[in-house]
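Trainee: coordinates for the following, if possible.
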Amino acid sequence: MSVVALRNSLTNDDIRRLVKGENDETRAMAARKICRRMDAASLTDVERMAARDILDLIARDAAELVRRAMSITLRQSPNLPRDIARKLAADVDSVATPVLENSPVLTDEDLLVVLQTAETTKRCAIAGRSQVAPIVVHEILDSGDDAAVSVAASNDGAEFDDAAYQRAFTEFCENSGVMDAFVARSQLPLSVTERLIAHVSDVALNRLVKTHALPPQLAVELSEGARERATLDLVDQAGLAHDPKHFVQQLRLNSRLTPSLILRALLRGHIAFVEHAFAELAGVTHSRAWLLVHDAGPLGLRAVYDRTGMPSRLYPAVRAALDVYHGMEIPQDEAGRAHFRRALAERAITRFQGIPEDDLDYVMSRFDDDRDALKATG
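Mentor: Residues are numbered from 1 along each chain as shown. Got it, this is the predicted structure:
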């Protein structure tokens, strides 16, 4: 298909508006329409070459608004020719940013070329891509641009290898903005979490200890006031622990595996922690404790509970909470889990009204924390 034939698949008005529109806005809308049709169409190789000629014409248009319309329309298109994508990426920020942030046709090599001469806006666009390879992350670190490094630090898609984490701490440890940005990542290596403690702001520190698992000994030290400005919640750290058995053992060594902590963790739905806590205190294997804790009959839980040495006055509260837990379905999304925790606590409290006042106050206060966290993410 020739360029003329491809034009016929559009409309004469589309082409006329693109070439001779009365103003830039009219021509930009024509460019957007043409790009959408070309991207949606199933074109042969010959047709695609013809389409490429029209796209190249748009990419060389003198009007920034026309070129931006193209960049926005084809920013996620796998059909955007790579050479045109590179041309757009080298354009002014308003044209380049949509493609730099999203285009799947740009390679790591293309991004590295842009970064060699890029200013902050383009660097930040690249740092925020859904996938940023380690080699690109290192180039962003080379720039020394704290704004771009902060974007990469908070972006789960930016792959920080060990060397990149080391460089970030060496070169930006005094930059609270960069250090705080790492806290926004959904996963952090424990070694990184531990190093961040000394460098993040108070607000970021509280987020860090509430959303990322800490090494057990560090969690205990912080909770004991080794750093007074840190407010560590051991209950939720229990739920975040990747190795609950080790976490429980550390708590017991530091005399922190208390009945109150176990009850609060149970009312927050951290059942795996409770199982390991019972196993540690009762001197049985986790598998044995699991069987007894989740025994549907009346004797299993009582047997393992009595061996833990926990106060008998708390047994009815533990029994009530586990009965409620076994009757509920556990959701997978965070919003669902927040509602699950609230429902579990409310139903357990209703079933047994003898929960110690301090523990009851704690659980009720966490309802507000859950609500605030959901508002912040939603």
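Trainee: could you chop this structure up by domain?
Mentor: Structural domains annotated on the chain: 1-92, 107-212, 213-378, as defined by automatic domain parsing.
Trainee: any chance of those in JSON lines, plus distance to Glu101 and mean pLDDT?
Mentor: All C-beta atoms are positioned from the backbone trio N, CA, C, and that covers glycine. As requested, the domains of the chain are exported to JSON lines (distance: least, C-beta to C-beta, whole Å; pLDDT from 0 to 100):
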{"stretch": "domain 1-92", "distance to Glu101": "7", "mean pLDDT": "74"}
{"stretch": "domain 107-212", "distance to Glu101": "5", "mean pLDDT": "88"}
{"stretch": "domain 213-378", "distance to Glu101": "22", "mean pLDDT": "80"}
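Trainee: turn the ones you listed into JSON lines, including mean neighbour count.
Mentor: Compiled in JSON lines, the domains of the chain are given as follows (neighbours: other C-beta atoms under 10 Å):
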{"stretch": "domain 1-92", "mean neighbour count": "17"}
{"stretch": "domain 107-212", "mean neighbour count": "18"}
{"stretch": "domain 213-378", "mean neighbour count": "17"}
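Trainee: need these in JSON lines with distance to Pro98, can you?
Mentor: Shown next, in JSON lines, are those (distance: least, C-beta to C-beta, whole Å):
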{"stretch": "domain 1-92", "distance to Pro98": "4"}
{"stretch": "domain 107-212", "distance to Pro98": "8"}
{"stretch": "domain 213-378", "distance to Pro98": "25"}
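Trainee: looking at those, which is closest to Val99?
Mentor: domain 1-92 (4.7 Å; C-beta to C-beta).
Trainee: could you tell me the end-to-end distance of stretch 235-250?
Mentor: Using C-alpha to C-alpha, to the nearest Å, the end-to-end distance of stretch 235-250 comes out at 14 Å.
Trainee: please apply the same query to stretch 277-288.
Mentor: Distances were taken as C-alpha to C-alpha; on that basis the terminal residues of stretch 277-288 are 12 Å apart.
Trainee: got it, and stretch 141-157?
Mentor: Separation of the first and last residues of stretch 141-157 by C-alpha to C-alpha is 16 Å.
Trainee: give me the contacts around that stretch.
Mentor: For stretch 141-157, the surrounding residues in contact (C-beta atoms under 8 Å, 6 or more residues apart in numbering) are 115, 118, 120, 123-124, 126-132, 137, 140, 158, 160, 164, 167-168, 171-172, 175, 177-178, 181-182, 184-187.
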